[in-house]
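Asker: Generate coordinates for the sequence data below:
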Amino acid sequence: MIEINHNQPVRLHTVETLPLNCTCIKSDGAVNWTETKTISKCFQDKAYNFIGSQCDSLSTKAYVPDVFFFSILLFASTFMLAYTLKNFKFSRFLSMGIRSRVSDFGVVLAIFINVFFDYLMGLDTPKLSVPKNFATTKPGRGWIINPFGKNPPYIWFAAILPALLATILIFMDQQITAVIINRKENKLKKGCGYHLDLLIVTICIVINSILGLPWFVAATVLSINHVIALKLESETAAP
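Answerer: Okay, here's the model as predicted:
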């Protein structure tokens, strides 16, 4: 939000301020415009014309939207909506199955709803820059990473100890979190997919290592979500 305020600062007196992509230029082409020249002054002086992409619908009462405050609104709306949908499981509306589905996809729904709202408003809010081509980040870099590369042979043996420590960390982190989830207070029944979580994390780590991507580490929050996703709910749960 601080970066947005730096790039899109708060603009006071928007009724009398020119839009960001609109300038007041002399008819002969000479640029003689400053920040102090307002919409009314440019309309009164016939020697000046409005030029810019945001000047088409400009009037003496033009409104310039504030991107910073709208970004705060989107942030607060996304958080509150995600929090509400996440807790929808514990409400008394609809059936248990529908409440569980809404709760599971609450964060995704909140993001989609606010992105659609931002699209309808049409404001120039900061967007994620996505490359046009599906390629590696570094030009000339291949998809498959050589595990040894130009490293000397002794590095192969020196990497055994850090690899063992990383394996223990990933295993203990995931298993300890699974044990916490499987407490008697939660009344969970161990199903066939109980150990599937660690298998999926291991496969992702192998694939990411080959492609040179960051590891999908079994962090506590991720492990909790994985174990909860694999649990079996009772079909006789009260609605």
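
Asker: Mind listing residues that contact the strand or helix carrying residue 110?
Answerer: Assigned by DSSP states H and E, residue 110 falls within helix 106-121. With C-beta atoms under 8 Å, 6 or more residues apart in numbering as the contact definition, helix 106-121 has outside contacts at 65, 70, 74, 77-79, 81-82, 84-86, 88, 102, 125. Just so you know, the C-beta spots here come from the backbone N, C-alpha and C atoms, and that holds for glycine as well.

Asker: same deal with stretch 131-145?
Answerer: 209, 210, 211, 212.

Asker: tell me the average confidence for whichever helix or strand the second one is part of?
Answerer: Which is residue 210. Using DSSP H and E, residue 210 maps to helix 196-211. The average pLDDT within helix 196-211 is 80.

Asker: The lengthiest helix in the chain vs helix 196-211, what angle?
Answerer: What stands out as the longest helix in the chain, according to DSSP state H, is helix 160-181. Here helix 160-181 runs at an angle of 150 degrees relative to helix 196-211 (axes from the mean of the first three to the mean of the last three C-alpha atoms, to 10 degrees).

Asker: Roughly how far does residue 75 sit from residue 145?
Answerer: Noted for residue 75: a distance of 37 Å to residue 145, by C-beta to C-beta, to the nearest Å.

Asker: in the longest helix of the chain, what's buried?
Answerer: Across helix 160-181, burial judged by 16 or more other C-beta atoms under 10 Å covers 170, 173, 174, 177, 178, 181.

Asker: That helix - contacts with which helices or strands?
Answerer: When contacts are defined as 3 or more C-beta pairs under 8 Å, 6 or more residues apart in numbering; DSSP states H and E, helix 160-181 packs onto helix 196-211, helix 220-229.

Asker: What separation is there between residue 134 and residue 143?
Answerer: 11 Å.

Asker: Just want to know which of these two has more residues nearby.
Answerer: Set residue 134 next to residue 143 and count neighbours by other C-beta atoms under 10 Å: residue 143 wins out with 9 against 6.

Asker: Check which helix or strand residue 74 maps to.
Answerer: With DSSP H and E as the test, residue 74 turns up in helix 67-86.

Asker: Past that helix, which element shows up next along the chain?
Answerer: helix 96-104.

Asker: ok so, going back, which of the contacts of helix 106-121 has the most neighbours?
Answerer: Among the contacts of helix 106-121, the one with the most neighbours (other C-beta under 10 Å) is residue 85, at 20 neighbours.

Asker: what's that one in contact with, if anything?
Answerer: 102, 103, 105, 106, 107, 109, 110.

Asker: just to revisit the earlier point, same list (the contacts of helix 106-121) but as CSV, adding pLDDT.
Answerer: Formatted as CSV, the contacts of helix 106-121 follow (pLDDT from 0 to 100):
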residue, pLDDT
65, 60
70, 80
74, 86
77, 89
78, 89
79, 90
81, 89
82, 88
84, 87
85, 84
86, 83
88, 82
102, 82
125, 78
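
Asker: Fine by me, we can end here.
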